[in-house]
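Visitor: Compute the structure for the input listed below.
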Amino acid sequence: MELTFNPLYIKALHIIFVVTWLAGLFYIVRLFIYHAEARTKAEPARSILEEQYKLMAWRLWYIITWPSLFLTWFFGLWLVYLFNWWFAPWLWLKLSMVVGLTLYHFYCHRIFSQFQNDLPTWGSTKLRMWNEVATLFLFAIVFVVVLKSTIHWMWGMIGLLLLSATMMVAIKLYRNARKD
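Guide: So this is what the prediction gives:
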């Protein structure tokens, strides 16, 4: 029985680690929001919640999110090599957005470090808006990969701008509803 290499296994692994990376990014910022809100609680609830959120964030960040970032890049670049996509224009747009998402990840690490060291500077409303940045990257990257057409990119970017505006309005409405 001969074993053959199927590049679709690499594609499947790439997709799995993209999903786990994004899940980690979505959840870490939710933990930041909960942590920021815990700071307004009275003792002993404040200390108990802050310690729990630090532990949860540390486990998520170092056990799931960072490894997923590296494995997403590893399998993604392996796919580029296997399918020889180096000259595909859509690839360079996708890679530029993945670099943007990676920079978002690094900035989340900065926020993570602030919370771990009891130096948070962001409030929950600002963190709610920050949480939506990963969603915008997700939409943009998926549409570029699936559509691969310049005219579709333009419509996709218009849709992305409308989605961004809608999400910002929803966050403001939520904030106002919580104040009442």
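
Visitor: same for the worst-scoring helix or strand of the chain on mean pLDDT, what does it pack against?
Guide: Using mean pLDDT, DSSP states H and E, helix 150-179 stands out as the lowest-scoring helix or strand of the chain, at a mean of 75. For helix 150-179, the packing partners by 3 or more CB pairs under 8 Å, 6 or more residues apart in numbering; DSSP states H and E come out as helix 89-116, helix 124-147. No exception for glycine: its C-beta is placed from N, CA and C like everyone else's.

Visitor: average pLDDT for the one helix or strand residue 77 maps to?
Guide: For residue 77, the host element (DSSP states H and E) is helix 66-83. On average, the pLDDT along helix 66-83 is 96.

Visitor: how many neighbours does the closest residue to residue 133 other than its chain neighbours have?
Guide: Among residues not flanking residue 133 along the chain, residue 104 sits closest, at 5.7 Å (CB to CB, 6 or more residues apart in numbering). Residue crowding around residue 104 was assessed by other CB atoms under 10 Å; the count is 17.

Visitor: cool, the one 3 residues further on as well?
Guide: When neighbours are defined as other CB under 10 Å, residue 107 has 12 of them.

Visitor: before we move on, what about residue 133?
Guide: Neighbours of residue 133 under the rule other CB under 10 Å: 18.

Visitor: Thought residue 105 was touching it, still the case?
Guide: No - here residue 133 does not reach residue 105: they are 10.6 Å apart, not a contact under CB atoms under 8 Å.

Visitor: what comes up buried for the longest helix seen in the chain?
Guide: Across the chain, the longest stretch assigned as helix under DSSP state H is helix 7-38. Within helix 7-38, the residues scored as buried using 16 or more other CB atoms under 10 Å are 10-11, 13-14, 17-18, 20-22, 24-25, 27-29, 31-36, 38.

Visitor: Would you mark the buried spots in stretch 89-99?
Guide: 90-91, 93-95, 97-98.

Visitor: Buried residues, the helix holding residue 77. List them.
Guide: Taking 16+ other CB under 10 Å as the criterion, helix 66-83 shows 68-69, 71-73, 75-76, 79 as buried.

Visitor: Measure how it sits relative to helix 7-38, angle-wise.
Guide: With axes from the mean of the first three to the mean of the last three CA atoms, to 10 degrees defining the directions, helix 66-83 sits at 150 degrees from helix 7-38.
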